[in-house]
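Asker: predicted model, plus sequence, below.
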Amino acid sequence: MNISLLLKYIFKLKKYYQIEQLRFEIGFVLILKVILLVVIWWTFFSHPLTREARQQIVTQIIVTPSK
């Protein structure tokens, strides 16, 4: 086997593994972002305020004197 062909093959393999590593990293980051967005949504937006709680907050805003 020719040495130059062997070296070309090794470089192709190296590039392939770099691409696979990049795919893994991008996929991992995207999954992590989705999990983070779900946690943020669940923490802040999945439990809407009741009408009484909203009225109480609005009343506090209106009644509290501005500086």
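Answerer: Yes, it's here.
Asker: dead centre of the protein: give me the residue that sits there.
Answerer: residue 33 (1.3 Å; Cα atoms, centre = their mean).
Asker: any idea how far that residue is from residue 39?
Answerer: Distance, residue 33 to residue 39, by Cβ to Cβ, to the nearest Å: 11 Å. All C-beta spots, glycine's among them, are computed from the backbone N, C-alpha and C.
Asker: what does residue 12 give?
Answerer: In this view, residue 12 and residue 39 are 41 Å apart by Cβ to Cβ.
Asker: cool, and residue 25?
Answerer: 21 Å.
Asker: after the host helix or strand of residue 37, next one along is what?
Answerer: Assigned by DSSP states H and E, residue 37 belongs to helix 3-44. Next along the chain after helix 3-44, taking DSSP H and E as the criterion, comes helix 51-63.
Asker: residues contacting that following helix, please?
Answerer: Here helix 51-63 makes contact (Cβ atoms under 8 Å, 6 or more residues apart in numbering) with residue 49.
Asker: can I get it in PDB, CA atoms only?
Answerer: Output of helix 51-63 as PDB, limited to C-alpha atoms (Å, rounded to 0.1, in the frame of the first residue of the first chain):
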ATOM      1  CA  ARG A  51     -58.100  36.500  39.400                       C
ATOM      2  CA  GLU A  52     -57.900  37.500  43.100                       C
ATOM      3  CA  ALA A  53     -54.100  37.400  43.100                       C
ATOM      4  CA  ARG A  54     -54.000  39.500  39.900                       C
ATOM      5  CA  GLN A  55     -56.400  42.000  41.400                       C
ATOM      6  CA  GLN A  56     -54.400  42.200  44.600                       C
ATOM      7  CA  ILE A  57     -51.200  42.900  42.700                       C
ATOM      8  CA  VAL A  58     -52.800  45.600  40.500                       C
ATOM      9  CA  THR A  59     -54.200  47.200  43.600                       C
ATOM     10  CA  GLN A  60     -50.800  47.300  45.200                       C
ATOM     11  CA  ILE A  61     -49.300  48.900  42.100                       C
ATOM     12  CA  ILE A  62     -52.100  51.600  41.900                       C
ATOM     13  CA  VAL A  63     -52.200  52.400  45.700                       C
END
